[in-house]
Every structure is written in structure tokens, then in C-alpha cells.
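Asker: Here is my input, please return the structure:
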Amino acid sequence: MINSKQFFSAISELSQQKGISQESIFDGLREAFRRAIIKKLGGGDDAHVEVIIDEEKALIEMYHLKKVVESVEDDYLEIELKEAQKLEPKIQVGDDFKIPFDLSDANKIFANTVKSVLHQKINEAEKQALYETYKDKTGEMITGIVEKYDERSVIVNIGRTTVYLSPRELIGEESFETGQQIRLYVAEVSSLEKTEKGFKGEKSQGISVTRAHPGFIKRLFEEEVHEIYDGTVMIKLIVREAGLRSKVAVYSDDPNVDPTGACIGHDGTRIKKILGQLGNAREKEKIDVIQYISDDALFIVEALRPATVIGVHLNKEEKTALAVVQNEQLSLAIGRKGANARLANKISGYEIDIKEESVAQEYNLEYTPVAILEEEAKERLIKERYQRYIGTLTPASKKEEEPVEVQEVSEQLSDEVKDLVIEEEKVQEVVKEKEEVQIVNVKVTTDLFELERQLEKEKAKDKVSKPRTKRPPKISEEDVSDEYKEEVVKPVVQTPKMEIYSEEELASFESEEKESDDSYYDDIDYDEFDEYYDDED
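Answerer: The predicted model follows:
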């Protein structure tokens, strides 16, 4: 049994030094003592051992447990009831009989076992604590201090622990000095998972950092380009060969923003700041900022920059493409050590065969000029926008005929027509009633000479009672109103006609009537009627 306050004080200091909890250290101690005791007993790993650590009482107790039975079959695991009751009278069958382990019996092997297991458990606790600290920093940038640098590796202190950088995680052939501050990209933070065979990942590094990851470039752009940080400009794709070249494809949903121009900055100020953080190698890494285009052919044109592509032919099924560049630009399209061509293949997803214009013409290679590709892309874009616009229209925004209202109007019209028909029928019935006139047969008893004499007398009376004048007759308001009254059309009753005069007699009557009218007008004194019109004035 251990009873030492100094021991627990050392545990507290170790906890602060390693950045782990005391409970984690106590768990390690329990496991270390358990394994050491089992090894000391030498009876096999199936022994039951209990280790009690009481921090408040500053006690550590260790016991070898045996099951109380009536008849012992394995004395390494069991004890007879009679034997157990000699030391503990109240113990019963099935209880655990505790045999204290005396540390005075411990040897060097026991101590080395405790030390080894405890060291392993503390390391596991450290890695788990680091995981909890850095698990939310995956994909982020951190800063560290170089503790050691040589041609094979770089050891960097990141605060609570140190991390290892291999040459392939560096930017080209960059070099460092001890104590130099550098920036790192956290690629992965792994945790320890316990399995039947032990702890998974216990020999691997818990925090994987790098300077060669494409994410390193992405974070630098986010820091230096405000439009990327606030989401106005977005990074679609990044491909990189650290130390040689990187390609960054950007786009913006705002038509008023130039995504590539925003990343490069005025006079290249922004891109220069980013390039300045890519190590101190003799040959600087280059960055191509290109515009992301959804059209595969046009995106290949962008991907091969800084070379000028004049035409492209795609085979979408096989994911291959022919890109024709201007003469004398083949080497520019391929790039230093072939990096430009490889990155173009990677970012576009096509295996690109690059030819100069003269070679394409010589071998009659088929390709579509960039101008036509751009025109076709514009037409597709217009159609897509139109389709999206049509999709936004709701049924409420479309004018629809309402058959119910039309039906009501038609019913109203039909009712009015019925009314008109009925009224018309009524009028026709009235007219028919008026047309029922009794026909009277008139018998002529007057001879022709007597009838002629009566007609002449009537004419003479009319001349005296109704003097004629060339002036317009006076018309009263009553006459005017009467003139516009509706005239009632009376049916004309046709009676049998009888010829009274011959044509010669009628002609003589007309000539006589004309002469009498002329003589009548000559005898009239028109001055007599002046007073009539003067009064009117």
C-alpha cells in the first residue's frame, strides 16, 4: 500500500506539463499497475487484479481477486470457502476474496513494466487532448516556430506539441532557420480509437500539417482578397504542384464583378502578396487565376493559360480534347517541366492533346474556333435564363379565362334575346289585329261629269282658304315637336280599282290645272302678307 502525498503532487505537475487531466494519468497508472501485477504473478493474463487510487486520501491499493467456491478447480482464480472464512468470517460463496499486493515484493521487472505502460498511456492521453484542441482546426492555418531543420525534415513547435514536416510537404526547395516563424495548413487531425489489438493510430502523428496542400493557397486568397472572404467571388477549383505552379478557378454570381481582376488586384498588388508567402526557393511558384466556365470547351481555353487557345474539339464520352494554340506557343502551353499541361488536365477533367495552329492545318485536324464556341455558349445561356424565368412564373401570374363568368354572360344574353323575341312576337300580334279590316264594296252612282264638277269646286275653295306664298310658312314649336312624333303606320287597305277617266281626259285636266295655278299666283298681292312676317321679327 502506498501512502504518499508527494506522489500525488508529482502527478499534478505531470498533468500541467503534458496538458492532460490528472484523471487521464490515474487511468494510466491503474492500467500500468494491473499489467505489472499480472506479470509478477506469472499465472496468465486472465488473473483478476483491482487497483484503487484515492486522490483525496492519497492512497493506492492493489489486490489480487479470487472467487470464493465450495470446491476449487483453479487455485489461480479461485479460493475455497473454508480458507476464505479464516480471514473473513462473513464471506460467502460467490464473493471476491481480496489478496493485497505488497509493493515490497516488486522487483525491477515490475518497475519497468509500470514505467513502460504509464508512458504509453500518457502519450495516448496527450494525443487525445491534442485532438480535442485541434479537431476544429482541420482545413485552417496555424503558426509554428521551427525547432529543428535539416534536409530530411522540419520540426515545428505549434504550442502544446511539435509537428513534423517532410520534404514533400514543403514548397519546392524552401529552407528555414531555427526559431523562424512559419505558417502551416492543418490537413488532418486524427484521434485514437481503441481496438481489440490496441489503439489505432497510436504510432501515427495526431496532427498532419503541410505547406504544399491546395488548401494553403485557398486560405491565402481568403486572407488577401476581400471579395473571396465575403463570398462575392468564390473559388471553384484549385490544383497545385507546390513549388512549380498552381491554378485557381474563380467565379462570381454578380455580373458587375470581375472575379479574376478582384483576385489579382490593381497592378497585381494582391497576387504579389500571396506569392510572397510561398517560400524562399530560388524558383518561385507561379499562380494562374482563371475564370471558371461551365462550358467544358471554353474552360479548357481558360485552363491552358497563359497560352492562347484558338480552337477546341471535345470527345465527351472518352473525356479527351484537342486544343489548338497559336503558333510558337506550344512550349508556353506545356509549361516548365510540363506543369501547365498537367494542371490543365487535372482542373478540366480532360486529357488534352495540344497542337499548334500550323500543325492542325497540316493534318486537317477538326476543331471549333473559340469565337464560335463563345457564340454557342451565349445562345445556351440565353435559353437557360429564359427557361429559369419561365420556371419562376406561378399559375397566379398567368391570365386564365373563367368559364363560369362566360357562362353567366351567355345566359344573360340568351335571356335578353328571348325577351326581344317575345316583344317582337307581341308587336306582330298587335299589327295582325290592326290588319283585320272589313272590306266594303263601294258602288259608284255618280257619273263622270258630276264628279268632275265637284272636284273643281273643292279646288276653288282650297285656293281661297289657303293662299299660297313664295315665303316659307311659319312653323310653330308644336309643329316641330309633332313632326318628330312617331308616326303610326296604318295598314293600307287595297280596294278594287276602277278607271274613271281615260288618259286623254287626265291630260286635259293637268293642263287646265296648270293654267289656273299660274293665273292665281299672278293675281295675288304679296304685300298683304308683309305684316305677318314683320310681326314675327
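
Asker: Against which helices or strands is the host helix or strand of Gly215 packed?
Answerer: Applying DSSP states H and E as the criterion places Gly215 in helix 214-224. When contacts are defined as 3 or more C-beta pairs under 8 Å, 6 or more residues apart in numbering; DSSP states H and E, helix 214-224 packs onto strand 181-189, helix 226-229, strand 234-241, strand 245-251, helix 269-275. All C-beta spots, glycine's among them, are computed from the backbone N, C-alpha and C.

Asker: Can you lay out the ones you listed as JSON lines showing mean pLDDT, distance to Glu283 and mean neighbour count?
Answerer: Output for the helices and strands packed on helix 214-224, formatted as JSON lines (pLDDT from 0 to 100; distance: least, C-beta to C-beta, whole Å; neighbours: other C-beta atoms under 10 Å):
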{"stretch": "strand 181-189", "mean pLDDT": "96", "distance to Glu283": "19", "mean neighbour count": "18"}
{"stretch": "helix 226-229", "mean pLDDT": "96", "distance to Glu283": "27", "mean neighbour count": "16"}
{"stretch": "strand 234-241", "mean pLDDT": "98", "distance to Glu283": "12", "mean neighbour count": "19"}
{"stretch": "strand 245-251", "mean pLDDT": "98", "distance to Glu283": "11", "mean neighbour count": "23"}
{"stretch": "helix 269-275", "mean pLDDT": "96", "distance to Glu283": "12", "mean neighbour count": "16"}
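
Asker: Throw those into JSON lines and include distance to His313, thanks.
Answerer: Converted to JSON lines, the helices and strands packed on helix 214-224 look like this (distance: least, C-beta to C-beta, whole Å):
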{"stretch": "strand 181-189", "distance to His313": "38"}
{"stretch": "helix 226-229", "distance to His313": "34"}
{"stretch": "strand 234-241", "distance to His313": "23"}
{"stretch": "strand 245-251", "distance to His313": "22"}
{"stretch": "helix 269-275", "distance to His313": "32"}
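
Asker: In stretch 358-372, which residues are buried?
Answerer: Ala360, Tyr367, Val370 (16 or more other C-beta atoms under 10 Å).

Asker: neighbouring contacts of it?
Answerer: Ala297, Leu298, Val301, Val309, Ile310, Gly311, Val312, His313, Leu322, Val324, Asn327, Lys355 (C-beta atoms under 8 Å, 6 or more residues apart in numbering).

Asker: Can I get the helix holding Gly215 as PDB, trimmed to CA atoms?
Answerer: Below are the C-alpha coordinates for helix 214-224, written out as PDB (Å, rounded to 0.1, in the frame of the first residue of the first chain):
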ATOM      1  CA  PRO A 214      -4.000  23.400 -52.300                       C
ATOM      2  CA  GLY A 215      -5.800  24.500 -49.200                       C
ATOM      3  CA  PHE A 216      -2.800  26.500 -48.200                       C
ATOM      4  CA  ILE A 217      -3.300  28.600 -51.400                       C
ATOM      5  CA  LYS A 218      -7.000  28.900 -50.800                       C
ATOM      6  CA  ARG A 219      -6.600  30.300 -47.300                       C
ATOM      7  CA  LEU A 220      -4.000  32.900 -48.500                       C
ATOM      8  CA  PHE A 221      -6.500  34.100 -51.200                       C
ATOM      9  CA  GLU A 222      -9.200  34.400 -48.500                       C
ATOM     10  CA  GLU A 223      -6.900  36.500 -46.400                       C
ATOM     11  CA  GLU A 224      -5.800  38.800 -49.200                       C
END
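
Asker: Taking their axis directions, it and strand 234-241 sit at what angle?
Answerer: With axes from the mean of the first three to the mean of the last three C-alpha atoms, to 10 degrees as the basis, helix 214-224 and strand 234-241 are set at 130 degrees to each other.
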